[in-house]
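Colleague: need the 3D shape of this:
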Amino acid sequence: MKKLFLSILVCIASLQLAWAQYSVSGKVTDTQNNPLIGAAVLLNSQGMGTVTDVNGNFIINNLKADNYELHVSYLGYKQKKRQLVVERDVKLQIVLIEKSVLTGEVVVTSIKAGNKTPVAKTNVSREELKALNAADDIPLLLSMTPSVVSSTESGIGVGNSSFRIRGTDATRINITVNGIPLNDSESQGVYWVNMPDFSSSVGEVQVQRGVGTSTNGGAAFGASINFNTTGYHAEPFTEISSTAGSFNTFKNSINASTGLLMDKYSFDVRYSDLQSDGYVDYAFSDHQSLYMSATMHLENSFIKANIIHGDQRTGISWWGIDKDMLKTDRTYNPAGQYTDEYGNERYYEDQTDNYIQTHYQLFYSQNIGSKWLANTALHYTDGEGFYEQYKEDEEFEAYGWQPEIRQSGDTITSSDMIRQKWLASDFYGFTASLNYHDENLQMNFGGGWNKHDGDHYGKVIWARYGGTSEKEDEWYRNKGVKRDYNVYAKVNYQISPKLNVFGDLQYRGIEYTMSGLDDDLTDRNLARLDQHHQYDFFNPKAGVFYSLNRNHQMYASYAVANREAARADFKEARGDAKATPQPERLNDVEVGYHYKSAKLAANINFYYMFYKDQLIPTGEKSSVGYTIMTNVEDSYRTGVELNLGVQILPRLRWDGNATFSKNIVKDFVHTFDPDGNHETNNNVLTYYGDTQIAYSPGVIANSTFNFDALSNTNIKLITKHVGEQYYDNTETASRKLSDYTVFNAIATQAFYPGWMKKVELQLSVNNLFNTQYVSNAYGGSYAYNGEEIFWAAYFPQAGTHAFLRVRLLF
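Modeller: Here you go, the predicted model:
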């Protein structure tokens, strides 16, 4: 056996010496010597190739002595071909020239921060996303960017997931796709579960932390993110990807492009299917998605149409579990658990969230002369779905039903039932921008108008005792109509070769109307949601950017953002005029420094975000018993974000970032009603002084070692640390989440068999050391015998789990 093993090794070594002795390496840049990240580098005669890394570098190993034709291409640039004679290692410097043909990138020109825009930002390329995307949703894929903490309800990166940036959740983060608003107009949140495998169609992501630059849609009240979907591909391709892993997780997708046809047309399509049981019981995912794009390129313009479709059915897992259950049954899920009429414990397995959503986008871009560019876009999003629940012992009165009198004379006033809560949503509008660019001056003028029509209604599809109801009884219906419009003007002027000044003015208007009945009909007068709110906001921004030289750069900026309350804030404060939430105001100061050399890149950013009337949960109840968000007069977030990248060895790179922050509510007051009857004259007030803002860890750190180990082999060792955080604003030890550190590893091996462009195998192992941690929690209190009893629910994350992905590129 040993001789056989040695013989095999000798054969392999001989083949390596005979057929794979040399390499071709180099760097791809534009005419300004900026690295082009993700450029395709192919040896067409062999079907071998790679893409450039974050520094524009590439290497192709295991080449025998021969003649080759090198093809280098990058979106928006002219393809370069070059004949190579490989008799030894070859090192190249390749410069690509920008095409006159417009691409999808110009669609986001007006809202994307440029190299000399004085804001804190991170760009994530398509290749960086692809390297991490075994099965995870967007929040997990962005979790290694600075100041980001992500969480999942299912315990893995599939299903309902979310993230916070600097402690700010998605309801306060402006998120756009190709410059078109993605946040739900009423809740202001983003539900990634409705966009399965969206990352596979993303070309680039820009994350701006703080207020950032003006954009379309909702308020950027802590961060903004723009997703730019893939433009056109110069060459045709078909990519088949299949992932299998822990918890019966399977993801299959096919992605194809025609390339540029007749120098004018291009078509792209992707279909994905994702199935998983999840780590948490009954937290399954059954997701499908479709992306289609068609582009017509003209001499000085282009027309582009996108369809982004998602269809999801997901097991409800948003309740979490109590602290004792964390010790005995971490995967327990109370959703759907009930006791039947004979006292048997059962689960209702259709306790699910179901939603179908389709985004339609149409773009037109036109060059006007050599310095002006005009963009317009129309959009429409159609969404409809429901979540289904088994409810025990529900009172008829809350559903508007009359008691049921049985033949025995008994009066039935409550029943177990199965209900669905529906949302049907139409969101449509337009965006437009006019952009000017010359050597020293960039100007952007733009804006948009959007309208949201949302119908909220509920159906009872089964009841053990029906009262006066009919089959599929609709017990409530209300409507939300919201109009959002904005205009902005931005100027970035280079006063001298070293100094740029930046100015940005935005006006944003909002009209929001609610009407109809809410879901609790116990008191029909209080159930009415008839409200109208109107706001006018002015958001100025200014900054400077100073280049000491090519290696050292500094910036400083000041920005203002205003934000209206969300639907739930208004809805839950109804019937109590004093509880109606006021708009919030954020003042943001950012100061930063960049350093970059051939082997080292470093950034440091200081921020101070101070709020007026920030909305936070206090535990207080309105006069009709709803938990409300209350404006606190003063609060702030301040911290420092550090980024460092080091090319330790030619094949070994380390990238890391860390955030150290302080997040404070000034003079926080907690209100408790010992009678539990929502009367304000007997409230007990607890004055806590200055406390930490909930969900705001003081330390967040990320580390990635990237090792090109062998020929076409890459290994990533990833570490994430999240410091302790509180899940309410009292800064009480019993309401604190412990810090945690998680290690992941990704190994990727590429093959170039000749009959196809590429075969790639990837093994991802998450939570290498089986850390038992909780990423999120929530809680509250209630009155019992005049005392305040606190409760909490926690979201445990999975231990060690793995995914294997195979990618075939034709």
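Colleague: tell me what the helix or strand containing residue 541 is packed against?
Modeller: Element membership for residue 541, per DSSP states H and E: strand 531-547. When contacts are defined as 3 or more C-beta pairs under 8 Å, 6 or more residues apart in numbering; DSSP states H and E, strand 531-547 sits against strand 499-516, strand 552-563. From N, CA and C alone the C-beta is placed, and that goes for glycine too.
Colleague: dump those to TSV, plus distance to residue 166.
Modeller: As requested, the helices and strands packed on strand 531-547 are arranged in TSV below (distance: least, C-beta to C-beta, whole Å):
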stretch	distance to residue 166
strand 499-516	20
strand 552-563	13
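Colleague: still on that earlier bit, chain center to the strand holding residue 541: distance?
Modeller: 23 Å (C-alpha atoms, centre = their mean, to the nearest Å).
Colleague: check stretch 634-642 too.
Modeller: Stretch 634-642 sits 22 Å away from the centroid of its parent chain (C-alpha atoms, centre = their mean).
Colleague: for residue 466, what are its contacts?
Modeller: 401, 404, 415 (C-beta atoms under 8 Å, 6 or more residues apart in numbering).
Colleague: right, I mislabeled it, should have said residue 417
Modeller: Residue 417 sits next to 390-391, 394, 460, 462-464 when contact means C-beta under 8 Å, 6+ apart.
Colleague: kindly report the same for residue 766.
Modeller: 156, 742, 744, 798, 800-803.
Colleague: put the buried members of the residues you listed into a ChimeraX selection.
Modeller: The following ChimeraX line selects those of the contacts of residue 766 that are buried, judged by 16 or more other C-beta atoms under 10 Å:
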select :156,742,744,798,801,802,803
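Colleague: tell me which of the contacts of residue 766 fall in strands.
Modeller: Per DSSP state E, strands hold the following members of those: 742, 744, 801-803.
Colleague: of those residues, closest to residue 594?
Modeller: Checking the ones in strands among the contacts of residue 766 against residue 594 with C-beta to C-beta, the nearest one is residue 744 at 27.9 Å.
Colleague: give me the beta-bridge partners of that closest one?
Modeller: Listed beta-bridge partners, residue 744: residue 718 (assigned using DSSP bridges).
Colleague: thinking again about what came up before, dump the contacts of residue 417 to CSV, plus distance to residue 41 and pLDDT.
Modeller: Converted to CSV, the contacts of residue 417 look like this (distance: C-beta to C-beta, whole Å; pLDDT from 0 to 100):
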residue, distance to residue 41, pLDDT
390, 56, 96
391, 59, 95
394, 63, 92
460, 61, 95
462, 60, 94
463, 64, 92
464, 66, 90
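Colleague: can I get those in a markdown table including neighbour count, distance to residue 794 and secondary structure?
Modeller: Below are the contacts of residue 417 laid out as a markdown table (neighbours: other C-beta atoms under 10 Å; distance: C-beta to C-beta, whole Å; DSSP: H, G, I helix; E, B strand; the rest coil):
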| residue | neighbour count | distance to residue 794 | secondary structure |
| --- | --- | --- | --- |
| 390 | 19 | 23 | strand |
| 391 | 15 | 23 | strand |
| 394 | 16 | 27 | strand |
| 460 | 23 | 31 | strand |
| 462 | 13 | 31 | strand |
| 463 | 22 | 32 | strand |
| 464 | 14 | 32 | coil |
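Colleague: turn those residues into JSON lines, including distance to residue 120.
Modeller: As requested, the contacts of residue 417 are exported to JSON lines (distance: C-beta to C-beta, whole Å):
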{"residue": "390", "distance to residue 120": "46"}
{"residue": "391", "distance to residue 120": "46"}
{"residue": "394", "distance to residue 120": "49"}
{"residue": "460", "distance to residue 120": "49"}
{"residue": "462", "distance to residue 120": "52"}
{"residue": "463", "distance to residue 120": "54"}
{"residue": "464", "distance to residue 120": "56"}
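Colleague: just to revisit the earlier point, for the helices and strands packed on strand 531-547, which one sits closest to residue 299?
Modeller: Using C-beta to C-beta, the helices and strands packed on strand 531-547 put strand 499-516 closest to residue 299, at 32.0 Å.
Colleague: helices and strands around the closest one, which ones?
Modeller: strand 473-494, strand 531-547, strand 552-563, helix 567-571.
Colleague: can you lay out the ones you listed as CSV showing distance to residue 662 and mean pLDDT?
Modeller: Shown next, in CSV, are the helices and strands packed on strand 499-516 (distance: least, C-beta to C-beta, whole Å; pLDDT from 0 to 100):
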stretch, distance to residue 662, mean pLDDT
strand 473-494, 31, 96
strand 531-547, 23, 97
strand 552-563, 20, 97
helix 567-571, 26, 89
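Colleague: among these, which is nearest residue 315?
Modeller: That would be helix 567-571 among these, by C-beta to C-beta, at 23.2 Å.
Colleague: so which elements touch the helix or strand just after the closest one?
Modeller: As assigned by DSSP H and E, the chain's next helix or strand after helix 567-571 is strand 584-596. On a contact count with 3+ C-beta pairs under 8 Å, 6+ apart, strand 584-596 meets strand 552-563, strand 600-621.
Colleague: could you check the angle strand 600-621 makes with strand 584-596?
Modeller: For strand 584-596 against strand 600-621, the angle by axes from the mean of the first three to the mean of the last three C-alpha atoms, to 10 degrees is 160 degrees.
Colleague: need the residues that contact strand 584-596.
Modeller: Strand 584-596 has contacts (C-beta under 8 Å, 6+ apart) with 118-120, 210-211, 221-222, 543, 550-563, 565, 601-615, 631.
Colleague: what's the angle between it and strand 552-563?
Modeller: Using the same axes, to 10 degrees: strand 584-596 against strand 552-563 is 160 degrees.
Colleague: in this structure, which spans are helices?
Modeller: For the chain, helices defined by DSSP state H occupy the ranges 2-19, 126-132, 138-141, 323-328, 524-527, 567-571.
Colleague: return the member of those having the minimum mean pLDDT.
Modeller: Here the helices of the chain differ in mean pLDDT, and the lowest is helix 2-19 at a mean of 40.
Colleague: low pLDDT regions in the stretch 1-150 of the chain?
Modeller: 1-20, 44-47, 75-76, 99-108 (pLDDT under 70).
Colleague: one more time with 80, if that's ok
Modeller: 1-21, 31-33, 38, 44-49, 51, 54, 62, 74-79, 98-110 (pLDDT under 80).
Colleague: please apply the same query to the stretch 601-750 of the chain.
Modeller: 617-629, 673, 675-683, 710-711.
Colleague: quick check: residue 331 touching residue 280?
Modeller: Yes - under the criterion of C-beta atoms under 8 Å, residue 331 makes contact with residue 280 at 5.4 Å.
Colleague: burial of residue 707, as a residue count?
Modeller: Per other C-beta atoms under 10 Å, the neighbour tally for residue 707 reads 17.
Colleague: which ones are touching it?
Modeller: Going by C-beta under 8 Å, 6+ apart, residue 707 touches 651-653, 714-717.
Colleague: about what we covered before: only whichever of the contacts of strand 584-596 are buried, select them in ChimeraX.
Modeller: To isolate the buried ones among those in ChimeraX, judged by 16+ other C-beta under 10 Å, type:
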select :118,119,120,210,211,221,222,543,553,554,555,556,557,558,559,560,561,562,563,565,601,603,605,607,608,609,610,611,612,613,614,615,631
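Colleague: need the pLDDT of residue 575.
Modeller: In this model, residue 575 is scored at 70, pLDDT.
Colleague: report how many residues lie close to it.
Modeller: 16.
Colleague: these two touch, right, it and residue 527?
Modeller: No - Residue 575 lies out of contact with residue 527 (C-beta under 8 Å); the separation is 9.6 Å.
Colleague: show me the beta-bridge partners of residue 266.
Modeller: residue 295.
Colleague: do residue 446 as well
Modeller: Bridge pairing for residue 446 (DSSP bridges) gives the partners residue 433, residue 488.
Colleague: how much space between it and residue 488?
Modeller: 6 Å (C-beta to C-beta, to the nearest Å).
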